[in-house]
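Undergrad: need a structure here:
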Amino acid sequence: MEARRLAAIMFTDTVGYSALMQKNETLALDLLEEQKELLHPLISQHGGQVIKPTSDGFFVEFPSVVGAVRCALAAQRALAERNETVPPVRVIQIRIGIHLGMGLEK
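TA: A predicted model of the protein is given here:
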């Protein structure tokens with residue numbers, strides 16, 4: 001039987017990704033890679049681990065909800081700063097959801 005423990009789960013989702021994929025697949029993939037390069041260090045800094053990349057976001061586990069919320073805030077700040085310096089077509093907007101639930105022991 002697998003052991004379970006309390007964990008915080010953060011999901012990210014890129015706003016408008018499917019529509020952008022239909023219009024400009026190269027740009028969509030480029031922006032997704034940029035998002036990954038920006039967010040992965042923040043996830044690590046806040047104690048998170050990417051469990052599964054999704055087509056346009058990430059499924060991340062944190063040992064505490066505090067780490068997940070701090071990471072989400074840092075991601076929002078980092079993207080806002082980045083978005084101020086790029087043309088509108090290169091703006092990255094994400095939705096973030098945080099859930100407190102059971103994770104599996106490793």
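Undergrad: mind giving me the packing neighbours of the longest helix anywhere in the chain?
TA: Assignment by DSSP state H gives helix 25-45 as the longest helix of the chain. In terms of contacts (3 or more CB pairs under 8 Å, 6 or more residues apart in numbering; DSSP states H and E), helix 25-45 is packed against strand 4-14, helix 17-23, strand 49-53, strand 58-62, helix 65-83. All C-beta atoms are positioned from the backbone trio N, CA, C, and that covers glycine.
Undergrad: now do that helix and strand 49-53, the angle between them.
TA: 160 degrees (axes from the mean of the first three to the mean of the last three CA atoms, to 10 degrees).
Undergrad: tell me the angle helix 25-45 makes with strand 4-14.
TA: 150 degrees.
Undergrad: and for stretch 63-71, what's in contact with it?
TA: By CB atoms under 8 Å, 6 or more residues apart in numbering, the residues outside stretch 63-71 that reach it are 7-10, 42-43, 45-48, 60, 62, 98, 100.
Undergrad: could you dump that stretch to CSV, C-alpha only?
TA: In CSV, the C-alpha atoms belonging to stretch 63-71 read as follows (Å, rounded to 0.1, in the frame of the first residue of the first chain):
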residue,chain,number,x,y,z
PRO,A,63,5.8,20.3,0.5
SER,A,64,3.7,23.3,1.9
VAL,A,65,1.0,25.6,0.7
VAL,A,66,3.1,28.5,1.7
GLY,A,67,5.8,27.6,-0.8
ALA,A,68,3.2,27.1,-3.5
VAL,A,69,1.6,30.5,-2.9
ARG,A,70,5.0,32.3,-2.7
CYS,A,71,6.0,30.6,-6.0
